[in-house]
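>>> need a structure here:
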Amino acid sequence: MKKKINFRDILIFILACALAALSVQYILLATQNKRNSESNIEVERKFLLDLNNLPPDMAERAEIFEFVQTYINYSPEIRVREVNETYYYFTIKLPKDNIGLSREEIEFLVTEEEYRELLTKQVGMTIYKTRYQFYEEGFLITVDIYSHELSGLAVAEVEFANVKQSESYRPPHWFGPEITSDKRYKNANLARDGMP
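Residues are numbered from 1 along each chain as shown. Down below sits the predicted model:
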């Protein structure tokens, strides 16, 4: 009699294959020159924000999203995310440099059932945040305002086409100190360690 294969078995198999493939890829990336031409490479800088110094019209000109973000592994970084109680994502991130400026991201939609199943693998605390996304001077700016255990924390991220463009960027006056290389502010570390 054939053994019935259920969703959980398939999911564990997929995760094991993904982790094995990512481990090999990470080793290869660490031993060769890195390029940022791939479309799934994110290049971004991150800044701390003062909640009392945000643009007054930010909510009017932004797309707004409610995120519930849960980690199921820290290294490589694997997370699941619920967006606006409607969409569910499974994401794997790999560092492309030592300072956190560039990372490779693999992300795809999952069903709510798959999302709930993945939540059983949770490590650390769940992150709750409201995201405001808008363009300013041609750059996509993402403002995350955290709640629950991380209430009071707000950060901005700016996405770039490449590292050269990121190096020439001049942040607006309402941005606070740059925290791109401060690993305490990486979402996975916030989930693991809490407020910096």
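
>>> avg pLDDT for the helix or strand hosting Phe134?
Here Phe134 sits within strand 123-136, counting by DSSP states H and E. Mean pLDDT, strand 123-136: 97.

>>> From the chain's centroid, how far away is the next helix or strand after that strand?
Counting by DSSP H and E, the next helix or strand C-terminal to strand 123-136 is strand 139-146. In terms of CA atoms, centre = their mean, to the nearest Å, the centre of strand 139-146 is set 12 Å apart from its chain centre.

>>> What of stretch 123-132?
Between the centre of stretch 123-132 and the centre of its chain there are 10 Å (CA atoms, centre = their mean).

>>> again with stretch 127-137
Relative to its chain's centre, stretch 127-137 lies at 12 Å (CA atoms, centre = their mean).

>>> Check which residues of it are buried.
Buried residues in stretch 127-137, counted by 16 or more other CB atoms under 10 Å: Ile127, Tyr128, Lys129, Arg131, Tyr132, Gln133, Phe134. Placement of C-beta: from N, CA and C, glycine included.

>>> With stretch 152-170 instead?
Leu153, Ala154, Val155, Ala156, Glu157, Val158, Phe160, Ser166.

>>> Not counting its own residues, what contacts it?
36-37, 42-51, 54, 101-102, 139-146, 171, 175, 179, 185, 190, 195 (CB atoms under 8 Å, 6 or more residues apart in numbering).
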